[in-house]
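Novice: take this sequence and fold it.
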Amino acid sequence: MTIPLAQTIPQGADYIRILPELVLSLFGILIMLLDALVDEEKGQKTLGVIAFIGTIAGLLSTWLMSQSPGVAFFNNVRVDAFSVFFHVLVITIAAVVILSSFEYMKVQHIRASEYYALILFGVVGMGLMSSAIELVLIFIALEISSISTYILVGFRRYQAASSESSLKYFLLGSFATAFFLYGVAMMFGATGSTNIDTISAILGSHPAPLLAYLGTALMLVGLGFKVAAAPLHIWTPDVYEGAPAPVVGFMSTAPKAAAFAVLLRIVFAINEPGHFWPIWVAAALSMTLGNIGALVQTNVKRLLAYSSIAHAGYLLIAFAMTNSDNSPNGIAAAMFYAAAYAAMNVGAFAVVTHLANAGERYVTLEDYEGLGRSSPLLAATLTIFLLSLIGIPMTGGFFAKFYVFSAALRANLIWLTLIGVVNSAVGAYYYLRVMVVMYMREARKPVPVTPVPLGLGVALGVSIVATIYLGILPNRVLQYAQQSVQDVLPQHALVPPASAARAMPPSDPQH
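Specialist: Predicted coordinates:
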C-alpha cells in the first residue's frame, strides 16, 4: 500500500522518526572528537561512559520516536511497533556490550575511541534496517552496519588471527552484499518498484513472475550470510574465534536481530511468491550442522559460534510459515526468540570476555575447569545462560523454542519441528559439557580469575534479569510482538483477530 507523497506531515516529524539514529550518530562523532583531547590510557573509560550515555539517550529517543508513528522521508522509513521493538533490542545490546568492554579494552591495551564510535555507528545502520521499507535504503543501512562490524572484528590488530578474521569476514560479506543488491535489482525489474509496500501490493494483485522468485532468493542469500544460516555459515567459527570477545557478543546478536527484522519484512510482507522451500532447507541444515559442529569444539568461542548457527536455524523455522494462516504467530515467535537469544548470548560472551584475560589466552574448555570453585558466582551466571540456550524452563530460551515449535506445528511443519526438537536434545550435550567442566573437574592449570568490575557486573545483571524475566513473565513481550504483526503483514495476509487469538495465546489454559 503506497502512502501519497502529498499527505500532510507535521514539520520536523521526519527527523523525530529517525531520532535514535541522529542521537547515536552525534555521540559517535563526539567520541571521535574527544579522542584527541583525553589521555590515551586514563581517558579510555571516559569515552566508554560517553558511549554508554549515548545508548541511554538512544533508548530515550526511541521512546520519543514511538510517540510519532508513521512514514518519513517520502515513504522510505516507517515507525511502527515492529521497528520500535528492534530499535530497543539492538540499542540495549550495544549498551550491555559497551559496559562489558570497559575492563577488556584496558586489559587488551586496545585504543577505545574508534571502538565505541564504531559500535554506535553500527547500531545506526541496524536501527535503519528495522525501520526502512525501501530496499535501497535497507541496502545502505546494511552496509553501514557491516562496515562497522568488519573493522570491529579486526580490532586486536596485533593478533594475526584477528586480522585474518576481519579479512575473511569482509571478503565473504562483500559477496553476500552483492547477492542482496542483485536481488533488489531483480525485484525492481519484476515489479517496477523497490518499496516493500508497493511490491507487496503488486505481487498480491498479479501472478508473481519468475524474476520475483529469483530476486527474493538472492536477497535471502545476502541476509542468510548475515544471520549465519547454513549453507552460508562457513565463516562464523573462524571469525568468532579471531574477533575480540565483546565484539563477538555484539555481532552474534545485534546485526543478526537487524537482519532478521529485514527478513521478516521481506519474507512476510513480500510473501506472494509463495512457500519458499529454501527457508525450510536452510532451517534444517543450520540446526543440524550447527549442533554437530559444536559437539567437537574445545574452544568456547568456536563452540558458541556453532551454537549461534544452530539458533539461527531454530529462528528460521518461524520464517517457513510464510503464507500460512499461522504467519502472524510465526512473526511474533521470531521476534520473541530474537530478544531471548540476545539476552542469553550477550551474557554468555560477557563471561567469556572476563575470563579470557590478556591476549585472550583462556578460551578453551580446559581453562574453565574448576571455575565453580574458583569463582562460584561467575560459574553460576554462565550456567544460567547455558541453561537458557538449552531451553530449560524458567529461562527465556524455553519459551523462545516453545513458541517457535508450537507455531510450526500449527502450520503443519511437522518434520521441521521434529528436526528442531531432536537438535535441541543434541545441543543440550555440549552446553552441559561446559557445566560439567566447571563443576565436576579439578583445574589442571592455574587460570587467573579477577574480581568482576562494576561495568561487567551491571552488564551481567541486565542479561540475567532479561533471561529470567522472559522465562517467567513472557506474556508482555509476546503480546507486544503479536500486536506488531499488522505492521509487517500486508492487510490481505492478516488472519482474522478471532483466529489469531485462538492460535497462540500465552495465557491460554490449554497450554
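Novice: okay, now the unreliable bits of the chain?
Specialist: 1-11, 40-41, 43, 271-276, 322-326, 358-359, 490-511 (pLDDT under 70).
Novice: show me what counts as buried in whatever helix or strand residue 476 lives in.
Specialist: In the assignment (DSSP states H and E), residue 476 maps to helix 475-483. Using 16 or more other Cβ atoms under 10 Å as the test for burial, helix 475-483 gives 477, 478, 480, 481, 482. Every C-beta, even on glycine, is put in place using the N, C-alpha and C of the backbone.
Novice: ok, which stretches of the stretch 51-200 of the chain are strands?
Specialist: Listed in chain order, the strands of the stretch 51-200 of the chain (DSSP state E, counting those that start in this stretch) span residues 70-72, 77-79.
Novice: quick check, central residue of this protein?
Specialist: Geometric centre of the chain, nearest residue: residue 257, 2.7 Å, by Cα atoms, centre = their mean.
Novice: please compute how far the strand or helix carrying residue 373 lies from its chain's middle.
Specialist: Taking DSSP H and E as the criterion, residue 373 maps to helix 371-374. The chain centroid and the centroid of helix 371-374 are separated by 31 Å under Cα atoms, centre = their mean, to the nearest Å.
Novice: which outside residues touch it?
Specialist: If you take Cβ atoms under 8 Å, 6 or more residues apart in numbering as the criterion, helix 371-374 is touched by 355, 378, 379, 380, 382, 437, 438, 439, 443, 447, 449.
Novice: ok, of these, which one's closest to residue 33?
Specialist: Ranked by distance to residue 33 (Cβ to Cβ), the contacts of helix 371-374 are led by residue 355 at 34.4 Å.
Novice: show me what the helix or strand hosting residue 224 packs onto, helices and strands only.
Specialist: For residue 224, the host element (DSSP H and E) is helix 210-226. Counting contacts by 3 or more Cβ pairs under 8 Å, 6 or more residues apart in numbering; DSSP states H and E, helix 210-226 is packed against helix 135-153, helix 160-191, helix 254-264, helix 277-295.
Novice: I'd like the next helix or strand past that helix.
Specialist: Criterion used, DSSP H and E; the element after helix 210-226 is helix 236-242.
Novice: list the helices and strands that following helix packs on?
Specialist: With 3+ Cβ pairs under 8 Å, 6+ apart as the test, helix 236-242 has helix 160-191, helix 300-319 packed against it.
Novice: quick check: angle from the shortest one to helix 254-264?
Specialist: With axes from the mean of the first three to the mean of the last three Cα atoms, to 10 degrees applied, the angle from helix 300-319 to helix 254-264 works out at 20 degrees.
Novice: which strands or helices does helix 300-319 pack on?
Specialist: Using 3+ Cβ pairs under 8 Å, 6+ apart: helix 300-319 touches helix 236-242, helix 245-251, helix 254-264, helix 277-295, helix 327-356, helix 396-410, helix 414-440.
Novice: so how far is the longest one off the chain centroid?
Specialist: For helix 327-356, the distance between its averaged C-alpha position and the chain's averaged C-alpha position is 7 Å (Cα atoms, centre = their mean).
Novice: tell me the angle of it relative to helix 475-483?
Specialist: Using the same axes, to 10 degrees: helix 327-356 against helix 475-483 is 130 degrees.
Novice: and residue 375, how far from residue 449?
Specialist: 5 Å (Cβ to Cβ, to the nearest Å).
Novice: now residue 405
Specialist: Counting by Cβ to Cβ, the gap from residue 405 to residue 449 is 38 Å.
Novice: quick one, which of these two is more surrounded?
Specialist: residue 405 (22 against 16; other Cβ atoms under 10 Å).
Novice: my guess is the more buried one meets residue 423, correct?
Specialist: No - in this structure residue 405 lies outside contact range of residue 423 using Cβ atoms under 8 Å: 11.1 Å.
Novice: of the helices and strands packed on helix 236-242, flag the one that's most buried.
Specialist: A comparison of those by mean neighbour count, using mean count of other Cβ atoms under 10 Å, puts helix 300-319 on top with a mean of 27.
Novice: relative to helix 277-295, how tilted is that one?
Specialist: Using the same axes, to 10 degrees: helix 300-319 against helix 277-295 is 160 degrees.
Novice: list the buried ones in stretch 199-210?
Specialist: Buried residues in stretch 199-210, counted by 16+ other Cβ under 10 Å: 199, 200, 201, 202, 203, 204, 208.
Novice: what about that stretch, start to end distance?
Specialist: End-to-end distance for stretch 199-210: 14 Å, by Cα to Cα, to the nearest Å.
Novice: how close does residue 203 sit to residue 126?
Specialist: 27 Å.
Novice: nope, residue 263 is what I meant
Specialist: Going from residue 263 to residue 126 by Cβ to Cβ gives 13 Å.
Novice: and what of residue 315?
Specialist: 16 Å.
Novice: likewise for residue 230?
Specialist: 23 Å.
Novice: same question, residue 161
Specialist: Note on residue 161: its distance to residue 126, by Cβ to Cβ, is 26 Å.
Novice: try residue 222
Specialist: Taken as Cβ to Cβ, the span from residue 222 to residue 126 is 15 Å.
Novice: of these two, who's got more company?
Specialist: residue 126 (31 against 24).
Novice: my read: the more buried one touches residue 257, true?
Specialist: Yes - in this structure, residue 126 is within contact of residue 257 by Cβ under 8 Å, at 7.3 Å.
Novice: now list whatever residues contact both of the two.
Specialist: Shared contacts of residue 126 and residue 257, counting by Cβ under 8 Å, 6+ apart, come down to 86, 90.
Novice: buried residues in the helix holding residue 224?
Specialist: By neighbour count on 16+ other Cβ under 10 Å, the buried set for helix 210-226 is 212, 214-216, 218-226.
Novice: same check on stretch 125-139?
Specialist: 125-135, 137-139.
Novice: extract the C-alpha trace of it and format it as PDB.
Specialist: The C-alpha coordinates for stretch 125-139 follow below in PDB (Å, rounded to 0.1, in the frame of the first residue of the first chain):
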ATOM      1  CA  GLY A 125      22.700   1.000  10.500                       C
ATOM      2  CA  MET A 126      20.900  -1.700  12.400                       C
ATOM      3  CA  GLY A 127      18.200   0.700  13.500                       C
ATOM      4  CA  LEU A 128      17.600   1.900  10.000                       C
ATOM      5  CA  MET A 129      17.400  -1.700   8.800                       C
ATOM      6  CA  SER A 130      14.500  -2.400  11.100                       C
ATOM      7  CA  SER A 131      12.500   0.800  10.100                       C
ATOM      8  CA  ALA A 132      13.300   1.100   6.400                       C
ATOM      9  CA  ILE A 133      10.600  -0.100   3.900                       C
ATOM     10  CA  GLU A 134      12.700   0.800   0.900                       C
ATOM     11  CA  LEU A 135      15.000  -1.900  -0.400                       C
ATOM     12  CA  VAL A 136      17.700   0.600  -1.500                       C
ATOM     13  CA  LEU A 137      17.700   2.200   2.000                       C
ATOM     14  CA  ILE A 138      17.900  -1.300   3.600                       C
ATOM     15  CA  PHE A 139      21.000  -1.900   1.500                       C
END
